[in-house]
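Q: I'd like to go over a predicted model; first the sequence, then the structure.
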Amino acid sequence: MINQLGNYSLYIALLISIFVISKTSLSLRKSSITLSGNIFSLISVQSIMVIISFLTLIYAFVTSDFSNETVYNNSHTTKPLFYKISGTWGNHEGSLLLWLLVLTIFLFIFTVESKNLSQRYRTLTLFFQQIIIFGFLLFILFTSNPFSNLFPIPNEGTGLNPILQDPALAIHPPILYLGYVGTSIIFSSALAAIISGSINKSWASHIKKWVLVSWVFLSIGILLGSIWAYYELGWGGFWFWDPVENVSLMPWLCLTALLHTIFTLEKRDIFHSWAVILSITTFSLSMSGTFLVRSGILNSIHTFANDPSRGVFILCFLFILIFLSILIYFFYQKTIKENLTKPYLISKETAVLLNNLFMMFFLSVVLIGTVYPIFLEVINNEKISIGPPFYHKLLIPFLIPFLFFMAIGPNIKWINDKIGKINFTQVSIFIISIIVSYFFVKKYGVSYLLSLPLFILSIFLFFITIKDFFGKKVNISQKISHFGFSLLILSILLNGVLSKEFSSNMKVGDERKFLNKTIKFESIKVIKEQNYQSLIGEFNIKDENNSLSLKPELRIYDQPQTITSEADISSTIFSDNFLVFNVLKNDGFYNVRYQIKPFMIWIWISVILISFGGLISLKKKNV
Amino acid sequence: MYGKKVKLRILFISLLLVSVALSIYLILKSLEENVVYFLSPTEIRNLVEIENKKIRVGGMVKNNSIIIDSENVNFIITDFKNEINVNYSGPVPNLFEEGKGVVAEGFLKDQSFLIAEKILAKHDENYMPPEVAESLKDK
C-alpha cells in the first residue's frame, strides 16, 4: 500500500509542474512580474512530494517489499542494509527518481537564494527548470515507473549486481548527479538571462556559484567512479576511455571552460554569448550522457535498461530542449550587450580564450571517439570499438602547448600586458625542468617521441604552480586547483611510464620470479559471509629487503550468481602494489595479476585538490 | 576596398575555419588508424585477406576447449558455424568460462588462429555482449 504513496506523490508533483508552467508563462506576458508567494509554496510542495516518493522507494528497498517490481528486480533479503539503501539508485528507475529529486531540490534552493535578484529573471529560470522537471516526471511515470506492482508477490528478489555492492559506488551516482543536475540550473538561468537581457557581470557572479558547485560535484563523482574501477574491475587502471566514462568527462571539460569564461565575464564584462553557448552545451552534454547511458546504446555495467521506448523518449526530450534553447538564443541574441572594447593580444582574456579553445578541442576528440562507433553501427551495421590509442594520439600532442599556456597564462595581467617582461624566474624554472626531465627520460629509457616535451612541460607547470603560491595577491583557490591539475598530469605521466605488470597462471604453492621479486602463492581459504562466499588467497612478495603479504579476494555471490574479485592493494606514498586473482577452470589454476603502480595515490589526491580549490572559491565573496 | 576591421575579421574567420578543418582531419585520420573492428568467426572465415590490424572476435567459448598452462590460456571461440583458436597470455576476467560469451581482442595469424592481447567478458551471469548475441542470432 505504501508503495502507492510514492506513486501518487509523483502525480501530484506532475500536476504542480503543469500548473506552475502555465501560470508562469501567463505572467511572463505582463511587463512587471512578481513571483508570488503562491508559486514559491507550490515549488516547496513539489519538492516535498518528490522527497516523499523517494523515501517511499528507499523504504520499499529496506523492507524488501517485493510487491514493488523495481525492488524485486534489484534487491534481495540477504543483502546488507547499506546496499539495500544504495540499491535504490543502483537501477534505472531509482536513478531517474534520484535525478528528479536533485532537480526539484536544486530549484527550491535556487528560488530561496536568488531572492534579491530581478523577478523576471527568477520567474523565467523557474519556468525553464519546471519544463525539465515536467519532462522527467513524464519519463518516470510513463516509461520507467519505480512503483509498478507485481502480483502475485514473489518471496525473494533477484538481487543487485554484486559488482555494484561497493561503498565507493554506492555514493558515486548521487555525487555525480549533483554535478549533472547542477548544470540544469545553469542552463535555465542562462536562457532566462538572455531573454530578460541581463547577461552581465551580476548574472555572472550569481551563476558562478552554481557553476562551481556542479563542477566540484562532477569532479568528485568522476573520481569515485575511477577509484572504484581501479580496485574492483581488476584491470589496475583508473581510466579506460570507456564510453560511459567519457560521457561524464565531456560535461566536465565543458564546465571547466565555462568556469573560466564566467570568471572573465564577471571581471571584465566580455564573452557574453560564449558563456550562454557553453551553458547550453554543458547541460546538453549532461542530458545526452544520461541518454547514452540509460538507453542501453552503450553496453556496460551502467546500462540498466534495454527498453527502446525509454531511449526514444529521452532522445526526443533532449532534442526539444536543445532546439528550444537554440531558438531562444537566436531570437534574443540582440539583447546581449557585448562589450566591444578592443582586446589586446597579450592579456589574461586571451589566456582564458586559449584555455577554452583547448577544452573545446579535447571535448570534440572525446565526443567523436564516443559517438562515432554508434553512428557507424546505425549507418552500415559495422561494429567497431575505439580504444585508448586514439585518445592518446590526439590528446597528448595538444596537451603539451596546453600545459605551457596553463603555466604562463595565470600570471598575465588583465586587459593588456607586455611580452617583454618575461621574467627571470620563469626562464630558470623552464631550464631546470628541461634538465630534470632529460635525466629522468635517460635514466628510465623512455623512448616515446613526445614524452620528453611532455615531461618538460608538466614539470615546468608543476614548479610554476608551486612558485605561484608565494606571489603577492595570491588567488588561493585558483592556485590550489591549478597545482592539483599539474600534480594530476605529472602523476598520470609517471604512473604510465613506471608501471610494471606481471601475470601468470598459478596453483597453490607455486612461485614465480618477476624483476627482483619472488611471488609466492601460499594458500587459499574459504569464508562464508552474509550474502557471498569469499575465497581469500594469500600471496607473498619478497625481494632482498622486505616481504609483503597481499590477500586478494574472490567473492562468489548466490543472488545473482556472480563472481567478483577484490584486488588487494597496498599503498604507500610512492607506489601501489596491486594484486588480483581469478578462477580459471576447476583444475587448480588461478590467473594472477600483479602490478606495481607508482604515484597512484597522488592521482586521487590531486583530483581532491582540484575540487578543493573550487570549494574555497565558493566560500569567498569576491574572487 | 574593405575596412581594416573587415579584413581582420575575414582573417580571423578563415583562421578559425582552417584550424577547425585541420583538427577534423586529424581526428578522422587517427580514427581510421585506431578503429578496432568486431568480427564473428564466420566473418573471419570469409575474409579475403588477413590484414595486420587489431580486431575483436566474439562468440561463445566452446565446451571443453580451455587448455591452461602456467603462461598460456588456449581456447576456441565458436559461433556454432565456424570456430577460431585463440592463444592468450595475461589476466582473464571473472566470467571467462566454457559455454559463456567472450570477446577477444588481438591479431589474426591466419583464418583459424588469433593471438589475443585482451579478453573481455562482462560481469553478469546472463550478459551476452550485443555483438555476440547478434552474431549468434543467425545460426
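A: Yep, it's here.

Q: in contact with the residue nearest to A:I12 when sequence neighbours are not counted, which residues?
A: Spatially, and ignoring its direct neighbours in sequence, A:I12 is nearest to A:M49 (5.0 Å; CB to CB, 6 or more residues apart in numbering or on different chains). Where C-beta positions appear, they are placed from N, C-alpha and C, glycine not excepted. The contact partners of A:M49, taken as CB atoms under 8 Å, 6 or more residues apart in numbering or on different chains, are A:S9, A:L10, A:I12, A:A13, A:I16.

Q: check which helix or strand A:M49 maps to.
A: helix A:37-62 (DSSP states H and E).

Q: quick one: buried residues of that helix?
A: A:39-40, A:42-43, A:46-47, A:49-50, A:52-61 (16 or more other CB atoms under 10 Å in any protein chain shown).

Q: about what we covered before: same list (the contacts of A:M49) but as TSV, adding secondary structure and distance to A:G90.
A: Shown next, in TSV, are the contacts of A:M49 (DSSP: H, G, I helix; E, B strand; the rest coil; distance: CB to CB, whole Å):
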residue	secondary structure	distance to A:G90
A:S9	helix	22
A:L10	helix	20
A:I12	helix	26
A:A13	helix	23
A:I16	helix	28
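
Q: top of these by number of neighbours, please.
A: Using other CB atoms under 10 Å in any protein chain shown as the neighbour criterion, A:A13 leads those with 26 neighbours.

Q: quick one: the residue lying closest to that one once chain neighbours are set aside from chain B, how far?
A: Excluding the flanking residues, the one nearest A:A13 by CB to CB, 6+ apart is A:M49, at 4.3 Å. Between A:M49 and chain B the computed distance is 35 Å (CB to the nearest CB, to the nearest Å).

Q: how much space separates A:M49 from A:T24?
A: A:M49 sits at a distance of 19 Å from A:T24 (criterion: CB to CB, to the nearest Å).

Q: where along chain B do the strands fall?
A: Remark: strands assigned in chain B by DSSP state E are B:35-39, B:55-61, B:67-68, B:73-78, B:83-88, B:101-110, B:113-120.

Q: most packed of the ones you listed?
A: Highest mean neighbour count among these (mean count of other CB atoms under 10 Å in any protein chain shown): strand B:55-61, with a mean of 24.

Q: give me the pLDDT for residue 31.
A: All of this is about chain A. Listed pLDDT for A:S31 reads 63.

Q: my bad, chain B
A: pLDDT recorded at B:L31 is 82.

Q: likewise A:F319?
A: Predicted confidence (pLDDT) at A:F319: the value is 90.

Q: run through who's touching the helix or strand containing it.
A: A:F319 is part of helix A:308-332 when elements are defined by DSSP H and E. Residues outside helix A:308-332 that contact it (CB under 8 Å, 6+ apart): A:92, A:131-132, A:135, A:138-139, A:143-144, A:187, A:191, A:194-195, A:197, A:276-277, A:280, A:283-284, A:287-288, A:290-291, A:294-297.

Q: tell me where the model's unsure across the chain.
A: No chain in the question, so chain A it is. Within chain A, the stretches with pLDDT under 70 are A:1, A:31-35, A:294-309, A:339-340, A:342, A:419-422, A:446-449, A:585-586, A:621-623.

Q: oops, wrong one, chain B.
A: Within chain B, the ranges that satisfy pLDDT under 70 run B:1-2, B:121-139.

Q: 50 instead, please
A: In the predicted model, chain B carries pLDDT under 50 at residues B:123-127, B:139.

Q: what parts of the stretch 401-550 of chain A come near chain B?
A: Neighbours of chain B within the stretch 401-550 of chain A, by CB under 8 Å from any CB of the partner chain: A:S503, A:S504, A:N505, A:M506, A:D510.

Q: do that again at 7 Å, thanks
A: A:S503, A:S504, A:N505 (CB under 7 Å from any CB of the partner chain).

Q: list the contacts of the closest residue to B:F113 other than its chain neighbours.
A: With CB to CB, 6+ apart as the criterion, B:F113 has its nearest non-adjacent residue at 5.0 Å, and that residue is B:N85. By CB atoms under 7 Å, 6 or more residues apart in numbering or on different chains, the contact set of B:N85 is B:N74, B:I76, B:S112, B:F113.

Q: now the host helix or strand of A:L609 - C-alpha only, PDB.
A: Assessed by DSSP H and E, A:L609 sits inside helix A:600-619. Written as PDB, here are the backbone C-alpha positions of helix A:600-619 (Å, rounded to 0.1, in the frame of the first residue of the first chain):
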ATOM      1  CA  MET A 600      48.700   6.100  -7.800                       C
ATOM      2  CA  ILE A 601      47.700   7.800  -4.600                       C
ATOM      3  CA  TRP A 602      48.700  11.100  -6.000                       C
ATOM      4  CA  ILE A 603      46.300  10.900  -8.800                       C
ATOM      5  CA  TRP A 604      43.400  10.700  -6.200                       C
ATOM      6  CA  ILE A 605      44.900  13.400  -4.100                       C
ATOM      7  CA  SER A 606      45.400  15.700  -7.000                       C
ATOM      8  CA  VAL A 607      41.700  15.400  -8.000                       C
ATOM      9  CA  ILE A 608      40.700  16.100  -4.400                       C
ATOM     10  CA  LEU A 609      43.000  19.200  -4.500                       C
ATOM     11  CA  ILE A 610      41.400  20.400  -7.800                       C
ATOM     12  CA  SER A 611      37.900  20.200  -6.300                       C
ATOM     13  CA  PHE A 612      39.100  21.700  -3.000                       C
ATOM     14  CA  GLY A 613      40.200  24.800  -4.900                       C
ATOM     15  CA  GLY A 614      36.700  25.100  -6.300                       C
ATOM     16  CA  LEU A 615      35.200  24.700  -2.800                       C
ATOM     17  CA  ILE A 616      37.400  27.500  -1.400                       C
ATOM     18  CA  SER A 617      36.400  29.800  -4.300                       C
ATOM     19  CA  LEU A 618      32.800  29.200  -3.400                       C
ATOM     20  CA  LYS A 619      33.400  30.500   0.100                       C
END
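
Q: and it, how far from the chain's centre?
A: Relative to its chain's centre, helix A:600-619 lies at 14 Å (CA atoms, centre = their mean, to the nearest Å).

Q: tell me which residues of stretch A:203-210 are tucked away?
A: For stretch A:203-210, a neighbour-count test (16+ other CB under 10 Å) marks A:W203, A:A204, A:S205, A:H206, A:I207, A:K208, A:W210 as buried.

Q: redo these as a markdown table? Include secondary structure and distance to A:Y332.
A: As requested, these are exported to a markdown table (three-state DSSP; distance: CB to CB, whole Å):
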| residue | secondary structure | distance to A:Y332 |
| --- | --- | --- |
| A:W203 | helix | 14 |
| A:A204 | helix | 18 |
| A:S205 | helix | 21 |
| A:H206 | helix | 19 |
| A:I207 | helix | 17 |
| A:K208 | helix | 22 |
| A:W210 | helix | 21 |
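
Q: sort out which one of those residues lies nearest chain B for me.
A: Set against chain B, the nearest of the buried residues of stretch A:203-210 by CB to the nearest CB is A:A204 (24.7 Å).

Q: which other residues reach stretch A:129-145?
A: By CB under 7 Å, 6+ apart, the list of residues contacting stretch A:129-145 reads A:10, A:13-14, A:17-18, A:20-21, A:92-93, A:96-97, A:99-100, A:103-104, A:107, A:184-185, A:188, A:309-310, A:313-314, A:317.
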